[in-house]
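**Student:** the sequence and its predicted three-dimensional model are supplied below.
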Amino acid sequence: MKKLLFALLAALAVTASAQPSADEALERGRQLTQAFYAGDVARIAEASSAELSQAIGGEPGLRAFREQLLAQLGEELQVLDERVDLVQGLRVYSRVARFERYGGPVLVQWSFGASSEIAGFLVQGMPTDEPAPSSYLDHQTRAALRLPFEGEWTVFWGGRTVEENYHAAYVDQRFAMDVVIVRDGSTHTDDGGKNSDYHCFGQPVLAPGDGVVVAALDGVPDNAPGVFDDQRPLGNHVVIDHGTGEYSFLAHLRQGSVTVQPGQRVSAGDAIGECGNSGRSSEPHLHFHLQDSPEFGVGEGMPAQFLNYLADGELVERGEPVQGQVVAPASAR
């Protein structure tokens, strides 16, 4: 599951009018960044160009963007670099910083036109090969977990390095996995243009452990393959509180398939829905991760060690599936 942490809010307009000096742009960029962090979005909206205001949806859009962004990033921890450039007639203030919930550097950028009017605003994660920091590297899963499906599935993304699991770059999904069903070397039949072409679409998704459902959403339409729904990243999903300080997230479920409600108690192996393609998902698959909070994007990811499963035909009594493995409950032997 691709996770879009950042958004581009920019409507750059070239202007030959008097821009602020480099020193003025540096100070204004610092002030606006702090105002954004503090929630003073009215000040920012008032100083934005008409083009930028339209692009971001005015003050309400900017406020919603801030809430989403800071929930995912957390607090700024360290400023790594600051600079001011002249780009296409605009003074551009760039700030590279580290945040508590993102594993790599983040670029915060403001562009200024005439009279220091805000012509563009950008927040973007920069490429990183390093996994996100974690306080759970040695954590042993307390809940007794089973694989959340029957039969053989292939781990498309899984493991502790960014190379084998892009989720590892993000604090909340540090140990997540995406699984699909592969037959004859492919996840789908025909050209894969329909969700029904995919082997995993509509397959039962099971509760990985005993617990209480704390969140359940159904009704988000399944995407056409290759299309993302960035507004509802989890799509149809279920979150289970295992009563151990650990919460299971199962996402991208098929529209109309979720069978549980918040407050309902479930046992390991109970059906909770079907594999789908809703949310931020490019093709049908099941996303699973464990974290220390029931709120998506806020908690810290935790390792999920499953019990008694087969990995490439070999019995694993307790382990974490990794990319490329074909895994199945041991009962499938």
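**Tutor:** Cool, the structure landed.
**Student:** where does this protein have low pLDDT?
**Tutor:** Residue ranges of the chain with pLDDT under 70: 1-19, 88, 127-128, 332-333.
**Student:** where do the helices of this structure begin and end?
**Tutor:** 22-38, 41-46, 50-56, 58-73 (DSSP state H).
**Student:** please enumerate the strands of the stretch 151-300 of the chain.
**Tutor:** For the stretch 151-300 of the chain, applying DSSP state E, counting those that start in this stretch gives strands covering 153-157, 177-180, 204-206, 211-217, 236-241, 247-253, 265-266, 271-274, 286-291.
**Student:** before we move on, the earlier item: just put the helices of the chain in CSV and tack on mean neighbour count and distance to L86.
**Tutor:** Where C-beta positions appear, they are placed from N, C-alpha and C, glycine not excepted. As requested, the helices of the chain are exported to CSV (neighbours: other C-beta atoms under 10 Å; distance: least, C-beta to C-beta, whole Å):
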stretch, mean neighbour count, distance to L86
helix 22-38, 16, 8
helix 41-46, 16, 22
helix 50-56, 18, 19
helix 58-73, 17, 25
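**Student:** out of the strands of the stretch 151-300 of the chain, nearest to R146?
**Tutor:** Within these, the stretch nearest R146 is strand 204-206; the backing value is 7.6 Å (C-beta to C-beta).
**Student:** tell me the strands beside that closest one, with direction?
**Tutor:** Pairing partners of strand 204-206, with direction, according to DSSP bridges: strand 271-274 (antiparallel).
**Student:** how far off centre is the partner strand?
**Tutor:** 22 Å (C-alpha atoms, centre = their mean, to the nearest Å).
**Student:** likewise stretch 278-287?
**Tutor:** 12 Å.
**Student:** buried set for that stretch?
**Tutor:** Within stretch 278-287, the residues that count as buried by 16 or more other C-beta atoms under 10 Å are S278, G279, R280, S281, E283, P284, H285, L286, H287.
**Student:** ok, and the closest non-adjacent residue to the fifth one?
**Tutor:** Pointing back at E283 there. P225 (4.9 Å; C-beta to C-beta, 6 or more residues apart in numbering).
**Student:** right, and the one you found touches G192 too?
**Tutor:** Yes - at 5.7 Å, P225 counts as touching G192 under the criterion of C-beta atoms under 8 Å.
**Student:** so the two - more neighbours on which side?
**Tutor:** Counting neighbours by other C-beta atoms under 10 Å for P225 and for G192 shows that P225 has the greater number, 20 against 15.
**Student:** now for that one: which residues touch it?
**Tutor:** Contacts for P225 were tallied using C-beta atoms under 8 Å, 6 or more residues apart in numbering; they are G192, G193, K194, N195, D197, Y198, N277, S282, E283, P284.
**Student:** domain map for this protein?
**Tutor:** Recorded structural domains for the chain (assignment: automatic domain parsing) are 8-125, 153-332.
**Student:** could I get those domains as CSV with distance to A144?
**Tutor:** Shown next, in CSV, are the domains of the chain (distance: least, C-beta to C-beta, whole Å):
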stretch, distance to A144
domain 8-125, 28
domain 153-332, 6
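**Student:** what about the closest residue to D190 other than its chain neighbours, neighbour count?
**Tutor:** What sits nearest to D190 in space, not counting adjacent residues and going by C-beta to C-beta, 6+ apart, is D197, at 5.1 Å. Residues contacting D197 under the criterion other C-beta under 10 Å number 17.
**Student:** surely D197 and S186 touch.
**Tutor:** No - under the contact definition of C-beta under 8 Å, D197 does not touch S186, with a separation of 9.5 Å.
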